[in-house]
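Trainee: Predicted model follows, preceded by the sequence.
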Amino acid sequence: MSQTSRNESCPCGSGRKYKRCCLIKDNPTLDTSLPWKQIRAARESLNGQMLEYSIKLYDRDALEEAWEEWCCGIEEPLEMHGAEFVAFMSWFLVDWGASPNNDEEDIPLPSVAKYLWEESRDKLSPIEREYLDFILNEAYSFYEILEPKPGEGYHLRDLLRGVEHFVCERSGSRGVQIGDFLFGRLVKVGEVTIFDAISDIPLPLKWKNEVLELRQNLRKMQKLKKDEMPDNDDLLMCEGFIRSLYRNLRDAAINPQPPQMTNTDGDPLSFNKIIYDIDDANLVFEALHPLCFNTSREELWEDADKDPSGKITKLDFPWLKKGNKANKSWDNTVWGHLTLEAHRLIVEVNSLKRAEVFKKLAAKLCGKLIRYKTTLIEPYEAKMKELEKRQSLGQEDEDKAEQEDLKNHPEIRAQIQTMYQGHMENWVHDKLPALGGKTPTQAVKTPEGREKVENLLADFERSAGVMADKDFELSVLHKVRERLGLTRK
């Protein structure tokens with residue numbers, strides 16, 4: 001056995017450390033470390049050799065050109081020490097080919113790894129040859145985490161090919177959840193599988209249906225049968241489409257866009273305060289109290305503040321509409337809040353549409369009893385700044401405590417549970433964009449649709465407890481599963 005230390009310069013003159021160059025070739029039976037460590041050492045050695053080839057073949061412009069292609073139109077600076085650079089470099093060395101200098105040719109030149117294979121494969125160690133031969137013919141894919149084993153690896157399922165693997169991954173197996181998925185390329189040497197390249201962040205369960213949509217499109221592009229899984233050759237042919245989806249999902253994960261905030265009718269949030277001048281609050285009350293149809297006139301009258309002569313000085317009550325188009329189990333929807341004062345009517349609504357509806361309704365019900373004065377519009381951003389200010393003053397914690405107390409009130413809790421149960425009962429019949437416009441009941445009739453509905457339910461289960469009691473929500477979701485035939489074993 002060679003007496004050269006692992007961390008000394010390699011005697012071959014390559015300039016690299018011995019452990020990253022000829023250690024494995026000089027010691028083919030080396031078994032002082034676990035097999036996965038030997039494979040990693042082979043990978044490091046191959047990467048060093050490929051980098052040397054790339055320096056001979058390309059200049060810095062080639063790296064920039066490859067990075068731009070890798071990013072699929074998403075602007076991101078090339079950072080040599082960034083987490084994404086590791087995944088990119090494997091693609092650059094193994095998959096990417098530079099454009100030919102001859103304008104008449106449009107076929108890319110061979111990759112760095114192919115040059116190494118053609119010119120130096122006989123000089124590689126057996127483990128290096130097996131590793132390089134495998135990755136030259138292996139496609140990138142998306143891998144769902146079925147079971148993480150911290151400190152050991154993952155049990156994964158290839159979402160595009162439907163094949164399961166156990167992957168040795170010591171450090172990366174921490175901090176991931178069942179249902180998350182990764183983008184990368186596997187390599188199998190002997191009986192051990194590791195990631196040759198892996199995305200720097202796990203992608204959340206809620207985006208898994210995007211990958212299943214890609215799988216459907218791959219079937220169409222490769223003219224496969226309805227339920228036939230794409231194979232490795234299909235994925236290699238469509239590598240650009242697969243990488244493009246990954247880059248878009250990764251960009252969405254690290255640069256999340258503020259959600260389009262809407263009210264329960266789907267209208268963009270816009271906080272409007274409509275102000276009217278009035279002469280007689282009592283007459284206006286008689287015209288508008290039917291808007292709060294779940295409370296009797298007498299009850300509202302009792303709630304009003306009045307002066308000694310019986311004139312209303314202040315009364316707050318909601319403007320209600322029957323039902324809700326987004327939540328069919330709701331009996332009514334609060335469309336706004338009215339504040340009636342001695343000489344002023346203030347109406348607060350959360351969208352421009354509702355503001356216009358109220359103006360027309362008020363003109364019809366009140367006529368000359370009210371005189372429109374102005375509408376104050378508070379943008380959503382300003383409302384958020386107001387909430388941030390309240391948080392800095394410690395007021396938000398008080399609000400949360402009050403909301404939590406309200407949520408835990410037996411009557412309120414029962415109402416929330418009824419609403420949630422009704423929503424989920426209707427959900428199975430709702431046409432959903434995530435299911436291509438089908439209802440969950442329709443979608444579960446095909447294997448692909450069942451998988452998509454399963455993903456949606458799993459995401460609901462992961463976030464259970466937001467609306468109602470977590471155990472209650474999970475029990476409702478279990479009943480939905482039974483109804484759809486998706487009960488877990």
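Mentor: Arrived safely, thanks for sending.

Trainee: Now do the contacts for residue 438.
Mentor: Counting by C-beta atoms under 8 Å, 6 or more residues apart in numbering, residue 438 touches 431-432, 449. To be clear about C-beta, it is placed using only N, CA and C from the backbone, and glycine gets the same treatment.

Trainee: Please pick the buried ones from the residues you listed.
Mentor: Buried residues within these, counting neighbours by 16 or more other C-beta atoms under 10 Å: 432, 449.

Trainee: Kindly report the domain assignment for this protein.
Mentor: 33-257, 271-388, 409-484 (automatic domain parsing).

Trainee: Below-threshold pLDDT in the stretch 201-350 of the chain: ranges please.
Mentor: Residues of the stretch 201-350 of the chain that meet the criterion pLDDT under 70 lie in 258-261, 326-329.

Trainee: if we go to 90?
Mentor: Counting by pLDDT under 90, the ranges of the stretch 201-350 of the chain that qualify are 201-202, 204-206, 224-228, 253-271, 321-334, 350.

Trainee: Helices of that one, residue ranges please.
Mentor: Along the stretch 201-350 of the chain, counting by DSSP state H, counting those that start in this stretch, helices occupy 208-221, 232-237, 239-254, 281-288, 297-303.

Trainee: Would you format those helices as CSV with mean neighbour count and distance to residue 67 included?
Mentor: Formatted as CSV, the helices of the stretch 201-350 of the chain follow (neighbours: other C-beta atoms under 10 Å; distance: least, C-beta to C-beta, whole Å):
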stretch, mean neighbour count, distance to residue 67
helix 208-221, 17, 23
helix 232-237, 16, 21
helix 239-254, 17, 12
helix 281-288, 19, 63
helix 297-303, 12, 66
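
Trainee: Out of those, which is closest to residue 274?
Mentor: Closest approach to residue 274 among the helices of the stretch 201-350 of the chain (C-beta to C-beta): helix 281-288, 12.6 Å.

Trainee: tell me the contacts of the closest residue to residue 462 other than its chain neighbours?
Mentor: Leaving aside its sequence neighbours, residue 462 sits nearest to residue 205 (C-beta to C-beta, 6 or more residues apart in numbering; 6.4 Å). Residues near residue 205 by C-beta under 8 Å, 6+ apart: 177, 179-181, 455, 458-459, 462.

Trainee: again, but for residue 272
Mentor: Neighbouring residues of residue 272 by C-beta under 8 Å, 6+ apart: 348-352, 354-355, 375-378.

Trainee: and residue 76, how far is that from residue 266?
Mentor: Distance check for residue 76 against residue 266: by C-beta to C-beta, to the nearest Å, it reads 33 Å.

Trainee: more neighbours, those two?
Mentor: Using other C-beta atoms under 10 Å as the criterion, residue 76 and residue 266 rank with residue 76 on top: 17 against 11.

Trainee: Quick check, that one in contact with residue 83.
Mentor: No: counting by C-beta atoms under 8 Å, residue 76 stays clear of residue 83, with 11.6 Å between them.

Trainee: give me the number of residues near residue 204?
Mentor: Residues near residue 204, counting by other C-beta under 10 Å: 16.

Trainee: And it, its phi and psi?
Mentor: phi -80, psi 160 (degrees, to the nearest 10).

Trainee: Excluding sequence neighbours, find me the nearest residue to it.
Mentor: Nearest non-adjacent residue to residue 204, counting by C-beta to C-beta, 6+ apart: residue 180, 6.1 Å away.
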